[in-house]
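Novice: Make a model of this:
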Amino acid sequence: MIRSILLLSFLISFGCNRLTLPPRQDQLLSGEEEISPFPIGKFGSRFIYMSPGEPKTLNPLGSTDTSSSQIIGLIHGTLTRYHPIEEKVTPALAQSWEMSSDYKKYTFHLRKGLCFSDGHPLTSEDVAFTFKALYDPRYPNRSKDFMIIEGKPFKISILDPQTFTIELPSPYAPFLTMLGIVEILPRHILQDAFDSGNLLKIWTSGMAKTSPEKFVGAGIFKIYSYQTGQRMLLIPNPYYWNINSEKKRLPYIDLFLIKFTQDINASVTAFAKGQCDIMDIPPDQKTWVQKNETKRDFKIHDRGPSSNISFLWFNLNTGTNKEGKPYVHPYKLKWFSDPRFRQAISYAIDRQGIVDGVLLGRGTPLSSFYSPANRKWHNSQVTSYPIDLPKARRLLKEMGMTVHEDGKLYDLTGQHVEFSVITNQENQIRQNIATTIKENLKSLGITLTLQFQDFNTFISKIDQSYDYEAGILGLTGGGDPAGSLSVLKSSGQMNLWFPKQPKPFTPWQAEIDRLMDLQIITMNESERIKIVYEIQTILSNELPLIYLVTPTSYVGIKNRLNNIQIPTSGSILWNLESLWSP
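Specialist: The predicted model follows:
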């Protein structure tokens, strides 16, 4: 039986266009839904979100960028999820689980009556299919890195439609946490594509434009429509497993509207004008945005140090392209591969100047892979690189580099030391940081060429063509160190300095691999912290990533939103299903 909620239609204005949404139709309950602990709200809410960039894909296996991952997370469900306020793993699609005494076997129980957004039952078969796809070599994906221990996959055994076991080769400390990033795929929709080898070719952003009904998931929402370059409309999944205390299916939001903007500046401007409900505010824009608080009825909240990190890195890839041409010119690769060169660059960067000039004092110089916001895992005792030009010059001199009469730095073969740095043009802070570093390196006689490119081109260069010399990027930090496996391990798809290495290309990379594997099987937390500290020490000595700054984190939220709880790190929308507005 179908229960129609609230309006028979929902009219939304987009310029001269008016869109009629179908009536909301929430399905009857099974009795094992999770009851939200938040106060009862009002159904029929509308939520507007600005995204500085469009999704490259809507396929969970193919996602590597933030814009794609954020939308995928709204339309797909996971077995567990992380509660950022209580800092613990909580049930999601899996209602409960038991763990064996040797920490190697878990028995999971799915919620009774679970369904995908098309009404098809979600069972243990879908979980097994998801892991089969995740491990298939035809479909490289980020999640696989988190579901392998010592090079071995996990074994999934189906006991009944609601019960299955996952057996691990060895103990895996962050296992339950990492399950929260594996979206469960609908076997009844994707089996044919899997069998034919086309699984990564479907659920593209183009398909979302022409056939949004083909996207089936177990998340809060489902796709209603998508207009490239403009917006995406999401409507409630009528089978979502979370309910309020009156036993009505959540979310309260009837329409989740994602508007796509050219860059973060355009998104922030839209928020300041009252055109969306929530926005992370860059520290350099806080002052002017805050002037609109009363007029636009919002408040900017200070979350403290951000868990995000920013860094400069060099392309250390020793491979060649299809034409046999090295990704990086050999003489430049020789510079980049020498840790003394990377250390010299690090000593030449004025991080406090970046904090003061770019972030307007709202940030902190960064010296470690984990931000100070990640209190449990951050190692504050690693090698730091305060600006020290004499030390930088000594390191370069050790390499045989000298400054000639023209004021430029040359290597032993007479090559001028110059290189290009790419970053995405949508991020003004990164552009300003790059410009500052360019000026800093002039003091060493190094010429830096800046290349600001659109985000998709930027991402394609660093994870597909490898046609670049150096880059500036940021990563969202926080959470368990296992989330860094894809970045830090030599085999990782997101290992920026040398992705998917056939084998570790240096002894220090091999040691990072060993320690990353060791920390994930160490169940004693204090011992695990020591290992993660050691990893950070190696990274700060070898500097495959030259850490820059971490900003103070600010978020702007419309005052009309209810049930908001702001965690110190992680997504503000962690309890999106319980948010509502009058």
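Novice: how far out from the middle of the chain is the longest helix seen in the chain?
Specialist: When the chain is parsed with DSSP state H, its longest helix is helix 525-542. How far helix 525-542 lies from its chain's middle: 22 Å, per CA atoms, centre = their mean, to the nearest Å.
Novice: Who are the packing partners of it?
Specialist: Here helix 525-542 is seen to pack against helix 339-348, helix 507-521 when contacts are counted using 3 or more CB pairs under 8 Å, 6 or more residues apart in numbering; DSSP states H and E. For every residue, glycine as well, the C-beta is placed using N, CA and C.
Novice: Export only the CA atoms of that helix, formatted as CSV.
Specialist: C-alpha atoms of helix 525-542 as CSV (Å, rounded to 0.1, in the frame of the first residue of the first chain):
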residue,chain,number,x,y,z
GLU,A,525,44.7,1.4,19.4
SER,A,526,47.7,2.8,21.2
GLU,A,527,50.1,0.6,19.2
ARG,A,528,48.3,1.6,16.0
ILE,A,529,48.7,5.3,16.8
LYS,A,530,52.5,4.7,17.1
ILE,A,531,52.6,3.1,13.7
VAL,A,532,50.6,6.0,12.1
TYR,A,533,53.0,8.5,13.8
GLU,A,534,55.9,6.7,12.2
ILE,A,535,54.3,6.9,8.8
GLN,A,536,53.9,10.6,9.2
THR,A,537,57.6,10.9,10.2
ILE,A,538,58.7,9.2,7.0
LEU,A,539,56.4,11.3,4.9
SER,A,540,57.7,14.5,6.5
ASN,A,541,61.3,13.5,5.9
GLU,A,542,60.9,12.3,2.3
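Novice: In this structure A272 contacts V289, no?
Specialist: Yes - here A272 reaches V289: they are 4.7 Å apart, a contact under CB atoms under 8 Å.
Novice: so what's in contact with these two at the same time?
Specialist: G556 (CB atoms under 8 Å, 6 or more residues apart in numbering).
Novice: Show me the helices in the stretch 251-400 of the chain, by range?
Specialist: For the stretch 251-400 of the chain, the helices defined by DSSP state H, counting those that start in this stretch cover 264-272, 286-290, 293-296, 330-337, 339-348, 351-357, 389-398.
Novice: and of the ones you listed, who's closest to E183?
Specialist: Across those, E183 has its closest neighbour in helix 264-272 (25.1 Å, CB to CB).
Novice: Give me the buried positions along the closest one.
Specialist: I264, N265, S267, V268, T269, A270, F271, A272 (16 or more other CB atoms under 10 Å).
Novice: And the contacts of the longest helix of the chain?
Specialist: Residues from elsewhere that reach helix 525-542 (CB under 8 Å, 6+ apart): 173, 339, 342, 367-370, 376-379, 381-384, 481, 488, 506, 508, 511-512, 515-516, 518-519, 522, 545, 547.
Novice: Narrow these to just the buried residues.
Specialist: Applying 16+ other CB under 10 Å to the contacts of helix 525-542 flags 173, 342, 367-370, 377-379, 382, 481, 488, 506, 512, 515-516, 518-519, 522, 545, 547 as buried.
Novice: Enumerate every residue touching S245.
Specialist: Contacts of S245 by CB under 8 Å, 6+ apart are I35, S36, I40.
Novice: Among the residues you listed, pick out the one closest to Y554, please.
Specialist: Using CB to CB, the contacts of S245 come closest to Y554 at S36, 27.2 Å.
Novice: what's the closest one in contact with, if anything?
Specialist: Neighbours of S36 in contact, by CB under 8 Å, 6+ apart: N242, I243, N244, S245, L250, N575, E577, S578.
Novice: Kindly write the ChimeraX command that selects the buried subset of the residues you listed.
Specialist: Those of the contacts of S36 that count as buried under 16+ other CB under 10 Å are selected in ChimeraX with:
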select :242,243,244,250,575,577,578
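Novice: In strands, which of the contacts of S36 appear?
Specialist: Mapping these onto strands (DSSP state E) picks out N242, I243.
Novice: Would you check which pair of the contacts of S36 lies furthest apart?
Specialist: Pairwise over those, using CB to CB, the maximum falls at S245 and N575, 14.6 Å.
Novice: how about a markdown table for the contacts of S36, with distance to P52 and pLDDT added?
Specialist: As requested, these are exported to a markdown table (distance: CB to CB, whole Å; pLDDT from 0 to 100):
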| residue | distance to P52 | pLDDT |
| --- | --- | --- |
| N242 | 29 | 96 |
| I243 | 33 | 96 |
| N244 | 32 | 96 |
| S245 | 37 | 95 |
| L250 | 28 | 97 |
| N575 | 23 | 97 |
| E577 | 24 | 97 |
| S578 | 26 | 98 |
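Novice: Could you export the contacts of S36 as CSV, including distance to G304?
Specialist: Formatted as CSV, the contacts of S36 follow (distance: CB to CB, whole Å):
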residue, distance to G304
N242, 29
I243, 33
N244, 31
S245, 32
L250, 29
N575, 20
E577, 26
S578, 24
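Novice: how about the strands in the stretch 151-300 of the chain?
Specialist: Secondary structure of the stretch 151-300 of the chain, counting by DSSP state E, counting those that start in this stretch: strands at 152-153, 155-160, 163-167, 221-227, 231-236, 242-243, 253-260, 278-281, 298-305.
Novice: As CSV, these with distance to Q27 would be great.
Specialist: Conversion of the strands of the stretch 151-300 of the chain to CSV gives the following (distance: least, CB to CB, whole Å):
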stretch, distance to Q27
strand 152-153, 35
strand 155-160, 22
strand 163-167, 23
strand 221-227, 13
strand 231-236, 11
strand 242-243, 11
strand 253-260, 16
strand 278-281, 29
strand 298-305, 35
